[in-house]
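*Asks:* Pasting the sequence and the predicted model now:
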Amino acid sequence: MIDHWALAVLSRGLWQGGRVPANTAELVDLLNLQPVDERSFRGHHPQTLMQRTYGGQVLAQALTAAYGTVSRERVVHSLHAYFVRPGSASADIDYRVQNSRDGKTFSSRRVVAYQGYEELFSMSCSFHAPEPGLDHGDPAPERVPAPEDCPTLVEVMDARFGVHPIWHEWDVLEVRFAGDSGPGGVIASGAHRAHMRVWVRTEARLPDDIRVHQAILAYLSDLTLLSVSTVPHEVAFMSNRLQTASIDHVMWFHRRFMADEWLLYDMISPSASHALGFASGRLFQGGRMVASCAQEGLIRPVAGGSC
């Protein structure tokens, strides 16, 4: 999730510059964890404009740590994660993996992330050796503009909130805004009052390894999901009228995909209440649903803020 408090850092002139992944190779390098022992790993933290750790980074590194303890024929099919407290953007993250079970076709792992002695994050995930079985899936949405006909996320953010360096934190991803159900939006607010779509892929080719592609999908899945919960409301997600934070994140990986080819991310928010927004998303590629995710997050109104 985008850290709106970084806007305050910009406005106060506190950012001294930093380096986030500038290309796909550097993004993949974030997944090169340092082994501490056979079940503990250390993840590098890039320099960043944000005061808090980007949730997608923790998801991707935690999944990579879990993969470091699982046999290669098994691939993740689901993960359930909680963001316990905000991580510091100035310190690396330690990941400790617990082997819950290795069965005949499934493996279960639990990963806990720490900075120092403080727990930041926990995740349970399940791995499965793919096998033949029943197969069906929802079709991709129709009448969605092609990626090349959609503005970039940076162009949309510049137009809505003004030009800021923070929008370029994710330039390693190509993100195209395909519309929402807000006032003047291209998606009719029929079945879903809160609805948004983006196209997304990495800016260059990834290694031919399903584990890398799944970790990158986890990385990008947290970028826009919670923001759909504010679409029907007269408050901008990135304004200082809201305090926002990811609380949990769930993903299901249904089919193989390529994170370096266009994915359609179709997101809705069925409910928001008590300062919590709930959102779910479906990811499509080649007309087939390849993954699903869901998230609940804090969207707390802040008194005295402006749009």
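*Replies:* Looks like it came in fine. Numbering: from 1, shown residues only.
*Asks:* Distance from the helix or strand encompassing residue 266 to the middle of the chain?
*Replies:* Residue 266 belongs to strand 263-273 when assigned by DSSP states H and E. For strand 263-273, the separation from the chain centroid amounts to 13 Å (computed by C-alpha atoms, centre = their mean, to the nearest Å).
*Asks:* Report all helices and strands that the next helix-or-strand element following it contacts.
*Replies:* Once the chain leaves strand 263-273, the next helix or strand it forms, by DSSP H and E, is strand 276-285. The contact analysis (3 or more C-beta pairs under 8 Å, 6 or more residues apart in numbering; DSSP states H and E) places strand 276-285 against helix 210-221, strand 263-273, strand 288-301. Using the backbone N, CA and C atoms, a C-beta is placed for each residue, glycine as well.
*Asks:* Name the strands paired with strand 276-285 and say parallel or antiparallel.
*Replies:* Paired strands of strand 276-285, with direction, are strand 263-273 (antiparallel), strand 288-301 (antiparallel) (DSSP bridges).
*Asks:* can I get those in JSON lines with distance to residue 166 and mean neighbour count?
*Replies:* Shown next, in JSON lines, are the strands paired with strand 276-285 (distance: least, C-beta to C-beta, whole Å; neighbours: other C-beta atoms under 10 Å):
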{"stretch": "strand 263-273", "distance to residue 166": "20", "mean neighbour count": "20"}
{"stretch": "strand 288-301", "distance to residue 166": "18", "mean neighbour count": "20"}
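*Asks:* any chance of the ones you listed in CSV, plus mean pLDDT and distance to residue 46?
*Replies:* Shown next, in CSV, are these (pLDDT from 0 to 100; distance: least, C-beta to C-beta, whole Å):
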stretch, mean pLDDT, distance to residue 46
strand 263-273, 97, 23
strand 288-301, 96, 23
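*Asks:* Please tell me how far residue 144 sits from residue 178.
*Replies:* For residue 144, the distance to residue 178 (C-beta to C-beta, to the nearest Å) stands at 6 Å.
*Asks:* Give the burial count for the closest residue to residue 150 other than its chain neighbours, as a bare number.
*Replies:* Leaving out its chain neighbours, the residue that sits closest to residue 150 by C-beta to C-beta, 6 or more residues apart in numbering is residue 176, at 3.8 Å. Residues near residue 176, counting by other C-beta atoms under 10 Å, number 22.
*Asks:* and if you look at residue 145?
*Replies:* Under the criterion other C-beta under 10 Å, the count of neighbours that residue 145 has is 15.
*Asks:* ok so, going back, residue 144 and residue 178: who's more crowded?
*Replies:* Taking other C-beta under 10 Å, residue 144 and residue 178 do not tie; residue 178 has more neighbours (23 against 18).
*Asks:* quick revisit: mind putting the helices and strands packed on strand 276-285 in JSON lines, distance to residue 245 included?
*Replies:* Shown next, in JSON lines, are the helices and strands packed on strand 276-285 (distance: least, C-beta to C-beta, whole Å):
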{"stretch": "helix 210-221", "distance to residue 245": "16"}
{"stretch": "strand 263-273", "distance to residue 245": "14"}
{"stretch": "strand 288-301", "distance to residue 245": "4"}
